[in-house]
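Trainee: only the shape, not the letters, is given here:
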């Protein structure tokens, strides 16, 4: 039996690194590099990176943190 992949929840407060990469039209490796360089705001929980949706949307719009 195949497990179906869960669709991203647009109402969630966070997104996965893979979802952020898809939204930016970049590969996951580039996204990991951008997170590690601080260009994409992210939180790390164990081995998992989570991107706060509000901070990501601000970054995409070019706004800076106050």
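Mentor: Ah, there it is. Everything numeric in this text was worked out from a predicted model, so none of it was measured.

Trainee: buried ones in the helix or strand hosting residue 51, by neighbour count?
Mentor: Residue 51 is part of strand 48-52, with elements assigned from DSSP states H and E. Buried residues in strand 48-52, defined by neighbour count with 16 or more other Cβ atoms under 10 Å: 49-51. Placement of C-beta: from N, CA and C, glycine included.

Trainee: I'd like those residues laid out as a markdown table, including pLDDT and distance to residue 28.
Mentor: Formatted as a markdown table, these follow (pLDDT from 0 to 100; distance: Cβ to Cβ, whole Å):
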| residue | pLDDT | distance to residue 28 |
| --- | --- | --- |
| 49 | 94 | 10 |
| 50 | 96 | 14 |
| 51 | 96 | 12 |
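
Trainee: just these now: which is nearest residue 19?
Mentor: Minimum distance to residue 19 across the buried residues of strand 48-52 is 7.7 Å, recorded for residue 51 (Cβ to Cβ).
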